[in-house]
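A.B. asks: A structural model of the following input is requested.
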Amino acid sequence: MTTQFKDLIKNAYSAFNERDIDKALSTMQPNVQWSKAWEGGYINGHDEIKKYWTRQWNEINPNVEPIGFTERQNGSLEVEVHQKVKDLQGNLMFDGTVKHIYTFEDDLIKTMDIELV
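C.D. replies: Residues are numbered from 1 along each chain as shown. As a prediction, this is how the structure comes out:
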């Protein structure tokens with residue numbers, strides 16, 4: 001696995017945690033497929049991700065930090081993340097580890113899926 005993909009992923013998480021949607025989207029293909037862990041199912045493309053994250057941040061305050069990277073045999077990248085989710089009053093709703101699974105195309109994120117640890 002290249003350092004380039006690790007750096008891309010770290011930049012995406014940093015932008016997400018800073019609530020900088022455009023910066024986060026710059027790490028993704030325009031037709032990216034993204035898991036909606038908070039609601040279930042998937043969305044496609046930058047516009048749908050923008051709407052989803054904006055809606056999410058109006059109801060919860062998530063922070064996600066990558067803590068481990070593993071290249072899988074199929075070429076996808078498994079990113080172990082520490083995720084803390086608080087409600088808007090600051091009460092902790094979730095504090096744990098999940099796996100985000102990424103594929104790439106043309107050096108940008110193509111898909112993101114979630115697996116529970």
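A.B. asks: tell me the secondary structure for the residue nearest to Met93 when sequence neighbours are not counted?
C.D. replies: Counting by C-beta to C-beta, 6 or more residues apart in numbering, Met93 lies nearest to Val85, which is 4.6 Å off, once chain neighbours are set aside. Heads up, the C-betas are built off the backbone N, CA and C, glycines and all. Three-state assignment for Val85 (DSSP: H, G, I helix; E, B strand; the rest coil): strand.
A.B. asks: and if you look at Glu39?
C.D. replies: Taking three-state DSSP, the label given to Glu39 is coil.
A.B. asks: how about the strands in this structure?
C.D. replies: 28-35, 42-44, 60-71, 77-87, 92-105, 108-116 (DSSP state E).
A.B. asks: right, so of the ones you listed, which gets closest to Lys51?
C.D. replies: strand 42-44 (8.1 Å; C-beta to C-beta).
A.B. asks: packing partners for that closest one?
C.D. replies: strand 28-35 (3 or more C-beta pairs under 8 Å, 6 or more residues apart in numbering; DSSP states H and E).
A.B. asks: give me the low-pLDDT residue ranges for this protein?
C.D. replies: Along the chain, the parts satisfying pLDDT under 70 run over 1.
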